[in-house]
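Participant: Here is the input, now give the coordinates:
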Amino acid sequence: MLLWFVTTSLPGADRDAAANKERALVEWLARVVSSDVRQLDKRLMELTSELGTLPAPAGTNTSSRLGWHTPRLPSAGAAVWAEVDLGDEFALDMIALVAASAEADGTSGAGYGFPLRFRVETATAQRPGQRSLVGDFTSADLPNPGASPVVISTNQRRARYVRVTATQAWPRREDWIVALGEIFVLCGKRNVAAGQRVSASVSATADPFWNVANLTDGQSVLGPPVGPSASPTNGYLALQEPDPNTTKWVQVDLGREHDLDEIRLLPARPTDFVDIPGHGFPVRFRVELSSDPRMLHPQLLLDSGDKVVVNPGENPFSVRATGHRGRYVRVTALQLHSRGTSSSFALGELQAWAADRNVALHASVSALDQFETPDYPRWQRSFLVDGFNSRHPLLDYPEWFAGLDRRQKVAATIAEMETARASTTERLLATTLKTSASLIATLALVVGVFLWRTRTARHREVEELRRRIAADLHDEIGSCLGSIRLFSEAATHQCSDGSTRQELRQISRIASDTNEALREIVWLLDARPITQAQLVTRMRETLPAFTAGLEQTFVGPEIPSEERCPLEFARNVWLIYKEALHNSVRHSGCRKVDVTVSRSRGAFSLEIADDGQGFRESEIEPGRGLHNLRHRATQIGGRLGIRSEPGHGTTIRLDIP
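Facilitator: Numbering: from 1, shown residues only. Now for the predicted structure:
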């Protein structure tokens with residue numbers, strides 16, 4: 001309460017600083033007093049660390065090709081669709097829808113125009129009623145995905161056509177529209193929708209920004225398929241020229257002929273030049289395939305002709321190559337990317353896909369010329385096929401989408417946990433500000449934690465002192481008792497008087513017994529935790545010494561427990577065991593002693609049985625032997641049972657829950 005009064009009495013800036021300090025104090029208290037908050041903090045650290053290992057969407061489209069946009073719709077429920085013709089049937093693994101990114105009517109950023117409700121269908125032929133539903137998002141409004149893809153698993157469904165039908169449009173200020181940035185359709189590691197024909201029920205065309213064909217151009221807010229780590233290279237860069245109409249070429253030798261499906265060009269975005277997405281990407285160019293390195297009789301895969309190619313920014317540029325076979329892939333720049341007084345031709349990476357394999361990776365590269373200087377070592381011909389674009393390592397599409405999906409889930413979990421943590425902290429803050437009793441209780445708790453920690457530290461000091469005492473007893477007194485025993489034995493051999501020899505032997509025996517008892521005390525005083533397994537092992541090892549001259553058996557548990565024993569437990573169990581054996585050996589006249597230690601459902605049991613003369617407990621003289629056994633059992637929460645009859649031996653059983 002006092003803290004609240006002081007905080008609200010200060011000037012604005014000072015009040016804010018005091019409030020921040022107060023919040024920091026409350027958060028610290030929350031971590032101290034709440035195991036839930038500590039667990040949340042630990043889990044948040046783990047998830048945040050994992051987030052750094054996952055791929056992330058670019059967040060903005062670095063290309064001017066934004067996607068597909070409908071005209072203004074007459075109502076929110078007006079159904080509109082867009083359909084991709086994959087050109088052939090494929091066994092589809094997944095479909096991913098990516099929102100557009102635009103600024104319009106006060107709305108900006110990724111998620112522009114994404115439908116609130118929609119369904120996704122596939123078909124093998126364009127016949128009415130033949131489409132199969134693979135994704136249904138029509139029952140409730142879908143939260144806007146922003147820069148994250150909406151991924152739909154298709155489980156190897158065969159299809160040629162993929163249709164997205166919006167049933168609830170996206171609201172603008174005074175009307176409704178639908179927009180999409182990209183449609184990915186994966187078959188294995190390939191996006192079989194790349195560059196394919198798209199049709200739509202309605203479309204507003206404003207080239208190059210909005211066109212239904214933009215749905216399969218690979219250019220979206222996701223950016224290139226890359227991982228989070230950094231690239232050591234930029235890619236390939238030709239010599240710069242003053243005239244942008246200078247021809248340049250670069251060529252990749254695939255090593256042998258391949259049946260190709262796709263040539264994928266990754267633009268450069270160097271880290272040691274001016275930061276330009278799509279740096280050096282040619283304005284006009286052609287892509288050719290040949291079986292001859294001189295490109296005699298090449299197969300033309302793409303020729304932009306006089307048409308200017310829109311710079312893809314950082315996005316991949318796909319060139320279809322299905323039905324073509326060859327060994328050499330050449331990209332010829334017919335018009336260079338101009339930057340004022342100089343023009344350049346550059347690529348971050350070239351991939352040649354044959355089925356699910358990039359056969360261009362680490363292939364041999366040749367070129368008309370090459371920009372090469374020690375000042376910029378990140379440009380080399382070989383860097384065109386090294387598996388990196390200019391910023392990051394390149395990933396296969398399945399790995400990339402799996403990482404993006406995991407990132408979305410991890411980010412959602414982090415947001416939920418941060419909300420839960422903030423709610424817990426806010427409740428504690430509100431309680432601290434409104435009630436002085438809560439403040440006093442909190443301070444008392446802090447004092448309690450301090451006292452508990454002090455007590456814990458004191459306990460550690462006592463444990464350390466006990467360990468030192470045990471060591472001193474063992475080293476000092478044990479050594480002295482050993483010396484007494486050795487001197488008395490030596491004197492026995494030298495003494496001729498029979499009575500004196502007997503007394504010396506008695507001294508030696510007492511010193512030996514005392515030394516053995518001392519070792520037991522040291523064992524129990526040792527500060528290191530004693531496990532049940534160690535306790536059982538010591539019982540087994542000492543049984544022959546306690547029952548010398550008698551037949552004995554020892555049966556222990558099949559799987560010894562490594563559970564730690566409190567000192568009081570170990571001490572009393574050991575003394576019960578030792579005293580029971582002493583009674584059997586000294587008083588029963590037995591010839592055999594059987595010891596059984598067992599565990600069942602966490603309970604500990606010790607049974608000592610002899611074949612001696614037995615007794616009736618009601619007929620023996622009162623003594624402290626049996627009373628001590630029962631008292632020790634009670635001290636550790638156990639129950640001691642004694643079963644004996646004259647002529648039938650004695651069984652003592654200790655059960656501890």
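
Participant: ok, and K42, which helix or strand is that part of?
Facilitator: Remark: K42 resides in helix 35-51, with elements defined by DSSP states H and E.

Participant: what about H631, how many residues close to it?
Facilitator: 13 (other CB atoms under 10 Å). Using the backbone N, CA and C atoms, a C-beta is placed for each residue, glycine as well.

Participant: Give me the distance between it and L300.
Facilitator: As for H631, its distance to L300 is 101 Å (criterion: CB to CB, to the nearest Å).

Participant: One more: T332?
Facilitator: 11 Å.

Participant: neighbour count winner among those two?
Facilitator: For T332 versus L300, neighbours defined as other CB under 10 Å are more numerous around T332 (20 against 10).

Participant: So the more buried one sits against R284, correct?
Facilitator: No. The criterion here is CB atoms under 8 Å, and T332 misses it with R284 at 9.6 Å.

Participant: hang on, the earlier thing: so which elements touch the helix holding K42?
Facilitator: In terms of contacts (3 or more CB pairs under 8 Å, 6 or more residues apart in numbering; DSSP states H and E), helix 35-51 is packed against helix 12-33, helix 397-434.

Participant: A166 pairs with what?
Facilitator: Note on A166: beta-bridge partners by DSSP bridges are V80, F118.

Participant: my guess is it contacts R117, does it?
Facilitator: Yes. If you go by CB under 8 Å, A166 and R117 touch, sitting 7.3 Å apart.

Participant: What are the boundaries of the strands in the stretch 251-400 of the chain?
Facilitator: In the stretch 251-400 of the chain, the strands defined using DSSP state E, counting those that start in this stretch lie at 284-290, 299-303, 317-335, 337-339, 342-344, 346-347, 349-354, 357-358, 364-367.

Participant: Parallel or antiparallel, which strands does the third one pair with?
Facilitator: Strands flanking strand 317-335 in the sheet, each with its direction: strand 248-266 (antiparallel), strand 284-290 (antiparallel) (DSSP bridges).

Participant: For the shortest one, give the mean pLDDT please.
Facilitator: Translated: strand 284-290. Mean pLDDT, strand 284-290: 97.

Participant: quick check: angle from it to strand 349-354?
Facilitator: 40 degrees (axes from the mean of the first three to the mean of the last three CA atoms, to 10 degrees).

Participant: relative to strand 299-303, how tilted is strand 284-290?
Facilitator: Here strand 284-290 runs at an angle of 160 degrees relative to strand 299-303 (the same axes, to 10 degrees).

Participant: and the residue lying closest to P244 once chain neighbours are set aside, how many neighbours?
Facilitator: Nearest non-adjacent residue to P244, counting by CB to CB, 6 or more residues apart in numbering: S343, 3.9 Å away. Residues near S343, counting by other CB under 10 Å, number 23.

Participant: what does D141 give?
Facilitator: When neighbours are counted by other CB under 10 Å, D141 comes out with 11.

Participant: Lowest average pLDDT across the helices and strands packed on helix 35-51?
Facilitator: helix 12-33 (a mean of 70).

Participant: mind checking how far V365 is from R330?
Facilitator: The gap separating V365 from R330 is 11 Å, by CB to CB.

Participant: And for D136?
Facilitator: D136 is 46 Å from R330, by CB to CB.

Participant: and what of R455?
Facilitator: Distance from R455 to R330, by CB to CB: 79 Å.

Participant: before we move on, what about P115?
Facilitator: Counting by CB to CB - P115 and R330 are separated by 42 Å.

Participant: same thing with R269?
Facilitator: When R269 is compared with R330 (using CB to CB), they lie 23 Å apart.

Participant: Comparing the two, which shows the higher neighbour count?
Facilitator: A count of neighbours by other CB under 10 Å puts R269 above the other of R269 and R330, at 26 against 20.

Participant: Identify the residues contacting the residue lying closest to that one once chain neighbours are set aside.
Facilitator: Residue nearest to R269 in three dimensions, not counting chain neighbours: S390, with 4.6 Å by CB to CB, 6+ apart. Residues in contact with S390 (CB atoms under 8 Å, 6 or more residues apart in numbering) are S231, T233, N234, G235, A268, R269, P270, T271, H279, G348, R378.

Participant: And A411, by the same measure?
Facilitator: Counted by CB under 8 Å, 6+ apart, A411 has contacts L51.

Participant: From V226, how far off is it?
Facilitator: 18 Å.

Participant: Equivalent analysis for C187, please.
Facilitator: From C187 to V226 the distance is 21 Å (CB to CB).

Participant: ok, now G129?
Facilitator: In terms of CB to CB, G129 sits 42 Å off from V226.

Participant: more crowded one of these two?
Facilitator: The residue with more neighbours, out of G129 and V226 and counting by other CB under 10 Å, is V226; that gives 22 against 5.

Participant: Give me the neighbour count for the residue lying closest to the more buried one once chain neighbours are set aside.
Facilitator: Leaving aside its sequence neighbours, V226 sits nearest to H392 (CB to CB, 6+ apart; 3.6 Å). Using other CB under 10 Å, H392 has 20 other residues around it.

Participant: Could you do E50 as well?
Facilitator: 14.

Participant: Confirm for me that it is in contact with K409.
Facilitator: No. At 10.5 Å, E50 does not count as touching K409 under the criterion of CB under 8 Å.

Participant: Do a quick rundown of the strands in the stretch 551-657 of the chain.
Facilitator: Applying DSSP E, counting those that start in this stretch to the stretch 551-657 of the chain gives strands spanning 551-555, 564-565, 592-600, 603-610, 639-644, 650-656.

Participant: picking that back up, quick one, which of the helices and strands packed on helix 35-51 gets closest to S499.
Facilitator: S499 sits nearest to helix 12-33 of all the helices and strands packed on helix 35-51, at 73.0 Å, using CB to CB.

Participant: How about the contacts made by V385?
Facilitator: V252, E349, L350, Q351, A360, L361, H362, A363, V365.

Participant: distance between stretch 274-284 and the chain's centre?
Facilitator: 38 Å (CA atoms, centre = their mean, to the nearest Å).

Participant: Would you mark the buried spots in that stretch?
Facilitator: Buried positions in stretch 274-284, judged by neighbour count with 16 or more other CB atoms under 10 Å: I276, P277, G278, H279, G280, F281, P282, V283, R284.

Participant: Kindly reformat those as TSV containing distance to L215.
Facilitator: What follows is these, written out as TSV (distance: CB to CB, whole Å):
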residue	distance to L215
I276	26
P277	21
G278	20
H279	26
G280	27
F281	21
P282	24
V283	23
R284	24
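
Participant: Just the closest of those residues to T650, please.
Facilitator: Nearest member of these to T650, counting by CB to CB, is P277, at 91.5 Å.

Participant: how far away is that closest one from P267?
Facilitator: In this view, P277 and P267 are 7 Å apart by CB to CB.

Participant: What of L535?
Facilitator: From L535 across to P267, the span is 71 Å (CB to CB).
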